[in-house]
Each structure stands twice: as C-alpha cells, then as structure tokens.
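Q: quick one, what's the 3D model for this:
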Amino acid sequence: MLAALIVSSWLAASPLEAEIRAVAALPGEPRIVSAAGVTRDETPILTLENPDALDPAATKRRLVLVGSAGGDSAEAIVAAVKWFKTSAPRTLRQQWTVSALPSASFEPADALSLPRWITFQAPDLVVTVGRDPQQAPPVSSGTPEGAPYEAVRADDAIASLQKLMTAARGRSPLHEALIARVKRQPIAVARLLAGRYPETPAISYIPALAWAQTLRLTDITNDGSLREKVWRETRPWIAGEKKLFGDRVQLTAIAGTLIFADLAAGSAGRASRARGPHEPPAVLGTASEQAAAQALADQGVLLAAAEKAPGVPEYGQGWTDDMFMATAVLARSGIRPGHERDLDLAARLLIEYAARLQQPGGLFHHATDGPAAWGRGNGFAALGLMETLTRLPASHPARAKVLEIYKRQMAAALPQQAPDGMWRQIIDADGAYREETATAMLMSAMARGVRLGWLDKSYRAAIQRAWRGLAAHVTDDGSVIDVCAGTGAGPTRRYYFDRPAMTGADDRGGAMALLAALEMYELGKM
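A: So this is what the prediction gives:
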C-alpha cells in the first residue's frame, strides 16, 4: 500500500521528470539526472548531464541545450536528447556529447543559477529552444565569454540542431579556458594561491589555514620566500604589536592560533605528510620568535579546551564549525609530550558532536537547530576528523570511534557528488549550487584518507573528479568562483539554499583550495 502511494505521488507530481528519467535510461550519454537549481518550493530544476564536462582527456565537442520556463520547449529538448541518443547520425554522436536543461524555471530573483550551470558544462555550442532569440544566456562571472549561441524553435528543434552540429567546428574559448585550468598541476595551483592568500591577515581560522598550508608548500618546494611571507604577516602578533583577540573571544579566532603551533614546531607539514617522528624540522624564525609563537599557541589551547557543557566548547556555537575550530588547535597541542590530554579532548569533542549532529546516513546537520547538510558545515566536520586522525595514535582508545565517524561521513558524501565532480551548498540537495569550499574540504579529507590508509583506493576516482571541478573554479589570477558567504545556523533548508555565493578574491575559498591542492599533490606521489 505504501509503495503504491509513493509511486502514485511520483507519477502525479512530475510527468516531465518521468520523461527525463526515461531518456536518461537509454544507452549512451547524457545518462545522469541532476539539477541546476530549485524552484521556490524547493523542487529541483532537472538537468541531463554527462560526467566528462571537465575531463581534459575527453575529445568530443559539447552541446548544451536550454529550454524556457514555459511552453513546449521542455518536451522538445527531451525529444532532441532522445533523438541524439537513438537516431542521430553516427558521425554526430562520435563528435558531440550533450547536456540539457529542459525547463529553466528559475525564480526571477535567481539570476546566477542558469549561467553557473551553463558555464561549468564547458559548452562549445549553446542552443536555446523556445527562448528569446535576441537574448543569449550569460556565462558565470569569473569565466571568459566565448561559447557560440543559437536559438531554435521548439517545433523545428531536431532539424535545426542537426544543421548546427554539422556546421560547428572546434572547441569554444570557454571550454578551452576551463580545460586549461584543470590541466594545471596541483603544485602550480598551490603556488598561485599561497602567493595571494591571505589578502587580509588576521587571527582567524581562514588566514591561519592559508599560512599553515603555505608552510607545507615551503617544505615541498624549499622556497624560502614563502616561509618569510608567513613570518612577515604573523610578526605583528608574535612581536606583541597586535592583540591576539578582541574584546569578544570567538572560536574562529581561537582556531587562528593553529598557525603559531606550526611556526613553533618548525614544520607545518610533519603531521599532514606523515613524516618520521625524528625528522628534523625546518628552521623558521629565531629561537625567541618560536618561543613567542608557542606562547600564543598555548593561549589558544587553553581557550579551545574550555567547555560550557560536556562536549561543547566555551567559545563555540555548537555547530559543525566547532569540530574543526577547536580540534585543529587541540590536536596540534596533543602531539607534544605532556599534552596528550589535549588530543584526548579533541577526540571526545568529535565523538560528542557526531552523537548530536551526524545523521543516520553519515552526513552532518549543521546544528541541532540547523537541519540541513550544509556543504561547508560538512567540510568543517571532515577537516576536524582529518586533523585529529592524522595525529591520533593507532593505540588511542578513541581512534576506532573517530575513524568510524569519519568513514561514515565519507561514504555518505561519495554518492552526493555532482556530475562535474563538485559537492553542493546542501550536500544532499540536487538543486543546491555547486560550491567551492565544500568541494575543497571534502576532497582534502578523502585524499588524505586514501593516502594514509583510512579509505580504500576506490575513492580515488571521486577525488580526481573533485579536483577537476575545483581547479575549474580557480582562475589564473587565483580568484575563486562560487564560495558560500559566511553562514550561521539557519532554521530551514531554504535558508541554506538562499545563502549567496561569492566570486573573486576570497581568503576563505583561497585557503581551502590551497589545502586541496597540496592534498592532491601528496596523493599524486603514491
């Protein structure tokens, strides 16, 4: 009875969806049903996609079909895709692959979802059906113009498409630019980002993460100028010229003290690169500067360890953000002789937060009053687990539980990856936009997991796809595309759907992409 009700509801709710899924099930590409956005009632705006939009090895040209919000264009596009998959001339099927958005039923206020989707389909030709022939669909900011555009009538779509596809030649400038980004080596992307970020030095987790990864890059490249950059930008605090915290202490600022632990230790890369315990550190600052950095790190540890309730940091919000902000500081301290209790606390905090926020399937709610699997919120959980597992001894009594929490999250995130390799603003919502920091953070956690043996090698394909998607979102000057703005806990999923995405210079997005680039580099050495 229940099954019959579910089937009946599905058929009544979305005849177009049934047509789209039937065409996707036919042999050949496109075969993936995804979404480019949501309507106001959170119904996904469905797409037909293939997984090679950003694959530099793919040789076919890419056709992107876009329908209007009304009229008969959606049916015409579905019919056109069916024609392409079943009866188009063989030469066209050998030369082209297709993505389609049958009904562009976006809200008037949503001006970004359509160009965002079109852009990262890497089109060589965009054809709109039943839309204004005078108005070309835009591409996303942060990307070059340059994909040919044509408009056709719904009642003549297939014949018009055949002519256009036969006449078209070569890749578009947009497609070429995206593939050029993807082809960059991870270490080259890391150098680009380390040289640019943070643009606004401050004691917060965002600059600290960029600085910490820049020190890692120094270890890899022996580029002393990068090491000096970190010392130069942090010296105002080390020298006591600036206060560590303002009048109101926040966990985001406490997390910023992780950089002082790395500076004091002499090598940010030892734990993350799994070096031998007796390997000598790089020389980073004078002895007095390293001592001052350690004193600042110790201040951060004391504040990160304070609890207002069992398993809730005094200066935290109870959000998944805390899982990284507190443990990144505590785990670094916990590997120092005599400070093992800090590592114990890091593990306990992760276990307590997972008990409250990890969903049965493995993803995390952002907060007890934030009932959505927010993308960066899951990224924070993943990075907190990653930072702690990297430093937690195999014999530690909490390690098995922390590892189990981590593996459940990674397994849950894996099937939620979008066709282009990205993860979304809401991880398990097909229509949420594909977001840069969530992709960078989850990819980083997976890459380190494979490298250090926490995950099996079956994750490597997803990691590679995620790197392609992320690299396409990092421009040649280090700007980043589609970074969710700062976000507190929200009471509904709609709150997270509506959070704006930033494009341009962004310290948060740059730091996360830098981490991901280095994890990809390290994994590539295996």
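Q: from here on, contacts and neighbour counts on C-alpha atoms
A: Fine.
Q: for Phe120, the count of nearby residues, please.
A: Using other CA atoms under 10 Å, Phe120 is surrounded by 21 other residues.
Q: measure how buried the residue nearest to it when sequence neighbours are not counted is and give me the count.
A: Counting by CA to CA, 6 or more residues apart in numbering, the nearest residue to Phe120 once its immediate chain neighbours are dropped is Ala53, at 7.2 Å. In terms of burial, Ala53 registers 26 neighbours under the definition other CA under 10 Å.
Q: just say helix, strand or coil for Ala53.
A: Secondary structure assignment for Ala53 (DSSP: H, G, I helix; E, B strand; the rest coil): coil.
Q: show me the shaky parts of the protein.
A: Under the criterion pLDDT under 70, the flagged ranges of the chain are 1-13, 131-145, 267-284.
Q: which helix or strand contains the most centrally placed residue in the chain?
A: Here the mean C-alpha position of the chain is nearest to the C-alpha of Thr439 (CA atoms, centre = their mean), at a distance of 1.5 Å. Element membership for Thr439, per DSSP states H and E: helix 436-451.
Q: other residues contacting that helix?
A: 375-380, 382-383, 386, 410, 422-425, 455-457, 459-460, 463, 466-467, 470, 473, 480-484, 508-509, 512-513, 515-516, 519-520, 522-523, 526 (CA atoms under 8 Å, 6 or more residues apart in numbering).
Q: what's the domain layout of the chain?
A: 19-176, 184-524 (automatic domain parsing).
Q: kindly check the end-to-end length of the longest one for me.
A: Separation of the first and last residues of domain 184-524 by CA to CA, to the nearest Å is 13 Å.
Q: over to the shortest one?
A: Between the start and the finish of domain 19-176 there is a gap of 33 Å, counting by CA to CA.
Q: surely Val312 and Trp319 touch.
A: No - shown here, Val312 and Trp319 do not form a contact pair, counting by CA atoms under 8 Å, at 9.4 Å.
Q: contacting residues for Asp321?
A: If a contact means CA under 8 Å, 6+ apart, then Asp321 has 366, 377, 380-381 as its contacts.
Q: what do you get if the cut-off is 6 Å, keeping everything else the same?
A: With contact set as CA atoms under 6 Å, 6 or more residues apart in numbering, Asp321 has these partners: 377, 380.
Q: so it versus Arg356, what's the distance?
A: Here Asp321 is placed at a distance of 14 Å from Arg356 (CA to CA).
Q: what's the most buried one of the domains of the chain?
A: Stretch with highest mean neighbour count among these: domain 184-524 (a mean of 21; mean count of other CA atoms under 10 Å).
Q: quick one: contacts for Ser103?
A: By CA under 6 Å, 6+ apart, the contact list for Ser103 reads 67-69, 74.
Q: farthest pair in those?
A: Pairwise distances across those (CA to CA) peak at 8.0 Å, for the pair Ala69 and Ala74.
Q: now, the contacts of Ser103 that are in strands?
A: Gly67 (DSSP state E).
Q: could I get the contacts of Ser103 as a markdown table with distance to Ala167?
A: As requested, the contacts of Ser103 are exported to a markdown table (distance: CA to CA, whole Å):
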| residue | distance to Ala167 |
| --- | --- |
| Gly67 | 22 |
| Ser68 | 24 |
| Ala69 | 28 |
| Ala74 | 24 |
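Q: and which of the contacts of Ser103 is nearest Gly300?
A: Minimum distance to Gly300 across those is 53.0 Å, recorded for Ala69 (CA to CA).
Q: gap between the closest residue to that closest one other than its chain neighbours and Asp41?
A: Closest residue to Ala69 in three dimensions, ignoring its sequence neighbours and counting by CA to CA, 6+ apart: Ser105, at 4.4 Å. Distance, Ser105 to Asp41, using CA to CA: 12 Å.
Q: before we move on, what about Glu107?
A: 10 Å.
Q: how about Lys242?
A: 49 Å.
Q: how near is the residue lying closest to Gln95 once chain neighbours are set aside to Asp52?
A: Nearest in space to Gln95, with sequence neighbours left out and distances taken as CA to CA, 6+ apart, is Lys60 at 5.1 Å. The spacing between Lys60 and Asp52, counted by CA to CA, is 9 Å.
Q: tell me which element Pro207 is part of?
A: When elements are defined using DSSP H and E, Pro207 is found to belong to helix 205-221.
Q: who touches that helix?
A: Contact with helix 205-221 is made by 194, 198, 201, 227, 230, 252, 255-256, 259, 268-269, 508, 511, as judged by CA under 6 Å, 6+ apart.
Q: ditto for stretch 154-162
A: Residues outside stretch 154-162 that contact it (CA under 6 Å, 6+ apart) are 73, 76, 80, 129-130.
Q: in helices, which of those appear?
A: Counting by DSSP state H, the contacts of stretch 154-162 place 73, 76, 80 in helices.
Q: looks to me like Lys308 is in a helix.
A: No - note on Lys308: no helix contains this position according to three-state DSSP, which reports strand.
Q: rewinding a little: the residue nearest to Gln95 is in contact with Gln94, isn't it?
A: No - assessed by CA atoms under 6 Å, Lys60 is found out of contact with Gln94, at 7.3 Å.
Q: quick revisit: output the helix holding Pro207 in CSV, but only the C-alpha positions, please.
A: Presented in CSV, the C-alpha positions along helix 205-221 are these (Å, rounded to 0.1, in the frame of the first residue of the first chain):
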residue,chain,number,x,y,z
TYR,A,205,41.0,30.2,11.0
ILE,A,206,40.9,31.4,7.4
PRO,A,207,44.3,33.2,7.3
ALA,A,208,45.8,30.6,9.6
LEU,A,209,44.8,27.8,7.3
ALA,A,210,46.3,29.6,4.3
TRP,A,211,49.5,30.3,6.3
ALA,A,212,49.8,26.7,7.5
GLN,A,213,49.4,25.4,4.0
THR,A,214,52.0,27.9,2.8
LEU,A,215,54.5,26.4,5.3
ARG,A,216,53.7,23.0,3.9
LEU,A,217,54.4,24.3,0.4
THR,A,218,57.7,25.6,1.7
ASP,A,219,58.6,22.1,2.9
ILE,A,220,57.8,20.7,-0.5
THR,A,221,59.5,23.4,-2.6
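Q: how distant is that helix from the center of its chain?
A: On the basis of CA atoms, centre = their mean, to the nearest Å, helix 205-221 is displaced by 19 Å from the centre of the chain it belongs to.
Q: please apply the same query to stretch 72-80.
A: Averaging C-alpha coordinates over stretch 72-80 and over its chain gives two centres that are 32 Å apart (CA atoms, centre = their mean).
Q: before we move on, what about stretch 395-405?
A: Stretch 395-405 has its average C-alpha position 26 Å from the chain's average C-alpha position, going by CA atoms, centre = their mean.
Q: and the strands in the stretch 201-350 of the chain?
A: Listed in chain order, the strands of the stretch 201-350 of the chain (DSSP state E, counting those that start in this stretch) span residues 307-309, 312-313.
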